[in-house]
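In: Coordinates for the following, if possible.
(one chain, ligands or ions: 1)
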Amino acid sequence: MKIDNTTPVWITGGASGLGAACVSMALDKGAPVVVFDLAADGVADKGVTTINCDVSDATAVSQAIAKAKDAGGLPRVLINCAGIAPAQRTVSRKGPHDPDLYRKVIEVNLLGSFYMASQAAALMADAEALEHGERGVIINTASVAAYDGQIGQVAYASSKAAIAGLTLPLARDLASLGVRVCAIAPGIFYTPMLAGMPQDVQDSLAAQVPFPSRLGEPSEYASLASHIVANQMLNGEVIRLDGAIRMGPR
Ligand SMILES: NC(=O)c1ccc[n+]([C@@H]2O[C@H](COP(=O)([O-])OP(=O)(O)OC[C@H]3O[C@@H](n4cnc5c(N)ncnc54)[C@H](O)[C@@H]3O)[C@@H](O)[C@H]2O)c1
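Out: Residues are numbered from 1 along each chain as shown. Below is the predicted model of the structure:
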C-alpha cells in the first residue's frame, strides 16, 4: 500500500522524536494523520488530528480510537512510537527494582502498543480490501535493547523483547484480515530523549556505531516505516535499524 491522501495514518508518540518524524513523512505524502500522545496538543503541524491519550489505559485507548474514527474514518496504517525508557538496576543501593516502575514501563511500551494495535486492527478489518486483499499495516517500535539490553535496562529491554516477540503471532492473527505487522528495532537515534544527554555521552554513543559512526536521524526511521507500508512482502518481521551496533553491558 502506498501512503497518499487516501491512507489515514495513525501515529502514537507523534508529538516527539521518531513519531514526529513519521508525522512529517505522512504529511509530505498528503496523508490524513492522527496523533495519539500524552502531549498531542503540542503537535503544531496543520491538518493533523491530535488526541491526548495515555496508551497504557485500555479504556482511554478505546475512547481515543472512537474519536479518531469519527474525525477521519478507518485507519490504514498504525505506527506505534509512544514509549518511555527509565533506567534502574535490578538491585541498587536503594534496594530491589521499584515494582511500580517496572509495571509502568511494561504498561506503556508493551500493553500500550498492543491495545492500539488490536483496536486499530479491528477497524482495519472493516476497510475496503486493496490490492491482494490488503487492508492495513501496523508498525511497532522495539529497540536493539530487545536483544542487547544494558545494565539498568531490565524493564525497558524486557518490554521491547516482548514487542519483538508479539510481531509474528500478531501478523499471523491478522493475516486473514489482510493486515500486516512489522516492528522496527532502532539503534541510537537523535531524538529529544538523546538530545538531553551531555555532548560527551552523545559522542561516545555515536562512536559505538560501526558504520555510520553517528546517531540515527528520525527521518531514517520514518523512511523505513514508509518502506514497510509500501512493500507487501514485509510481514511478521522485526528489522534492526542500527548501523550494526551491538550494545555492550554499559
Ligand atoms: N531514540 C532512540 O534512540 C530509540 C532507540 C530505540 C527505541 N526507541 C523507541 O522509539 C520510540 C520513540 O522514542 P523517541 O526517542 O522518539 O522518544 P521521545 O521521548 O522523543 O517520544 C516519545 C513520545 O511518546 C509519548 N508518550 C510517552 N508515554 C506515553 C503514553 N503513556 N501515552 C501516549 N504517549 C506517550 C511522549 O509524550 C512522546 O511524545 C520509543 O518506543 C522508544 O523506546 C528509541
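
In: Can you name the residues of this structure that neighbour the ligand?
Out: The chain comes close to the ligand at residues 12-13, 15-19, 37-39, 53-56, 81-85, 108-109, 112, 141, 143, 186, 188-189, 191-194, as judged by CB under 6 Å from any ligand atom. C-betas here are computed from N, CA, C, even on glycine.

In: Show me which of those residues are buried.
Out: If you count burial by 16 or more other CB atoms under 10 Å, the buried members of the residues of the chain next to the ligand come out as 12-13, 15-19, 37-38, 53-56, 81-85, 108-109, 112, 141, 143, 186, 188-189, 191, 194.

In: mind listing which of those are in strands?
Out: Those of those mapping onto strands are 12, 37, 141, 186, per DSSP state E.

In: Looks like the second one contacts residue 48 (just checking).
Out: In this case it means residue 37. No - taking contacts as CB atoms under 8 Å, residue 37 lies outside contact range of residue 48: 10.6 Å.

In: roughly how far apart are residue 16 and residue 195?
Out: 10 Å (CB to CB, to the nearest Å).

In: between residue 37 and residue 48, what contacts are shared?
Out: Residues touching both residue 37 and residue 48 (CB atoms under 8 Å, 6 or more residues apart in numbering) are residue 14.

In: got a list of contacts for the host helix or strand of residue 101?
Out: Under the criterion of DSSP states H and E, residue 101 resides in helix 99-105. Identification of contacts with helix 99-105 by CB under 8 Å, 6+ apart yields 56, 84-86, 88, 154-156, 159.

In: can you give me the strands in the chain?
Out: Using DSSP E, strands in the chain cover 9-12, 33-37, 48-52, 77-80, 91-92, 95-96, 136-141, 179-186, 238-241.

In: Give the pairing partners of the last one; include direction for each.
Out: Listed by DSSP bridges, the sheet partners of strand 238-241 and their directions read strand 179-186 (parallel).

In: Once you drop chain neighbours, what's closest to residue 155?
Out: Of all residues not flanking residue 155 in the chain, residue 105 sits nearest, at 4.0 Å (CB to CB, 6 or more residues apart in numbering).

In: do residue 112 as well
Out: Closest residue in space to residue 112, ignoring its immediate chain neighbours: residue 55 at 3.2 Å, by CB to CB, 6+ apart.

In: now swap in residue 52 and tell me
Out: Leaving out its chain neighbours, the residue that sits closest to residue 52 by CB to CB, 6+ apart is residue 40, at 4.8 Å.

In: give the contact list for residue 181.
Out: Per CB under 8 Å, 6+ apart, neighbours of residue 181: 117, 137-140, 167, 170-171, 174, 235-236.

In: With respect to the ligand, which of those is nearest?
Out: Nearest to the ligand, judged by CB to the nearest ligand atom, of these is residue 140 at 8.7 Å.

In: about what we covered before: now render the contacts of helix 99-105 as CSV, adding pLDDT.
Out: Below are those laid out as CSV (pLDDT from 0 to 100):
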residue, pLDDT
56, 98
84, 96
85, 94
86, 94
88, 96
154, 98
155, 98
156, 97
159, 98
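
In: Tell me where this structure has helices.
Out: 17-28, 58-72, 99-105, 112-124, 145-148, 154-174, 192-195, 199-207, 218-230 (DSSP state H).

In: Present those as CSV; the columns should include distance to residue 181.
Out: Output for the helices of the chain, formatted as CSV (distance: least, CB to CB, whole Å):
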stretch, distance to residue 181
helix 17-28, 16
helix 58-72, 17
helix 99-105, 22
helix 112-124, 7
helix 145-148, 15
helix 154-174, 4
helix 192-195, 25
helix 199-207, 29
helix 218-230, 10
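
In: Looking at those, which is nearest to residue 44?
Out: Among these, the nearest to residue 44 by CB to CB is helix 17-28 (9.9 Å).

In: Thanks a lot, catch you later.
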